[in-house]
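**Q** Provided below are the primary sequence and the corresponding predicted coordinates.
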Amino acid sequence: MPVTNIKALSESSRDKLKAAIDPIEQFLNHNALGQLVSEDNPDSPIFYSGLLSDLRHLLVFSEVAYEKLGAVLRRPNFDNELAERALYEVYHNGVNSFFYPKNECYSEDGRYAYTGQDAIRFRAKPVRSARDVILSISRIYEELRDDLSYYESDYLTHRRMQSQSK
């Protein structure tokens, strides 16, 4: 991939990560498990503790990737290989962390992906603020997934082929 494309992709990915980090951080800073748990739903403590855990992991992965991309972009000479490695990590840590959360409080239903409806389905009915934050960042992570689909498998194949030819 040409250096100019990788640099532009790094810049746009960094911007998208920042757009996702802010609402996640706001949500986590203003909501605690006790506030989210509903007394009329006995499963809600398990659901919300899982959701909060997944969001904390996503926040950390996204912040680390944001910082790595920032460091790559601030270098006097753009390092193509380092940028590709950072983009790979954005995909495999950030994007995968969003779409495949450990606690499975929500999941993506591919049948809704092209209908204009929200493709995210929750395991239990969340409070409005939790629902809103997940749905708002889902669009960002969908864009990142589309932009970085090369890094799903082609990047590693390319790296293996390079190392074998040396």
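**A** Thanks, I have it. It should be emphasised that the depicted structure is a prediction, and the values quoted were computed from it without experimental measurement.
**Q** hey, let's count contacts and neighbours off CA atoms from now on
**A** Will do.
**Q** could you pull out the strands for this protein?
**A** Counting by DSSP state E, the chain has strands at residues 106-108, 120-122.
**Q** Can you tell me which of these is nearest to residue 94?
**A** Shortest distance between residue 94 and these, using Cα to Cα, is found for strand 106-108: 15.1 Å.
**Q** now the closest one: mean pLDDT?
**A** Taken as a whole, strand 106-108 has an average pLDDT of 92.
**Q** go on, stretch 13-28?
**A** 97.
**Q** Name the residues that touch that stretch?
**A** For stretch 13-28, contacts defined as Cα atoms under 8 Å, 6 or more residues apart in numbering pick out 52, 55-56, 59, 62-63, 65-66, 69-70, 87, 129-130, 133, 137, 140-141, 144.
**Q** shaky segments in this protein?
**A** Residue ranges of the chain with pLDDT under 70: 1-4, 38-43, 111-117, 154-166.
**Q** Now with 80, please.
**A** 1-4, 38-43, 110-118, 152-166 (pLDDT under 80).
**Q** Which stretches in it count as helices?
**A** Remark: helices assigned in the chain by DSSP state H are 3-30, 33-36, 44-74, 80-89, 96-99, 128-147, 150-165.
**Q** Would you mind giving those helices as a markdown table with distance to residue 105 and mean neighbour count added?
**A** Below are the helices of the chain laid out as a markdown table (distance: least, Cα to Cα, whole Å; neighbours: other Cα atoms under 10 Å):
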| stretch | distance to residue 105 | mean neighbour count |
| --- | --- | --- |
| helix 3-30 | 16 | 17 |
| helix 33-36 | 14 | 14 |
| helix 44-74 | 6 | 19 |
| helix 80-89 | 23 | 19 |
| helix 96-99 | 11 | 20 |
| helix 128-147 | 11 | 16 |
| helix 150-165 | 24 | 12 |
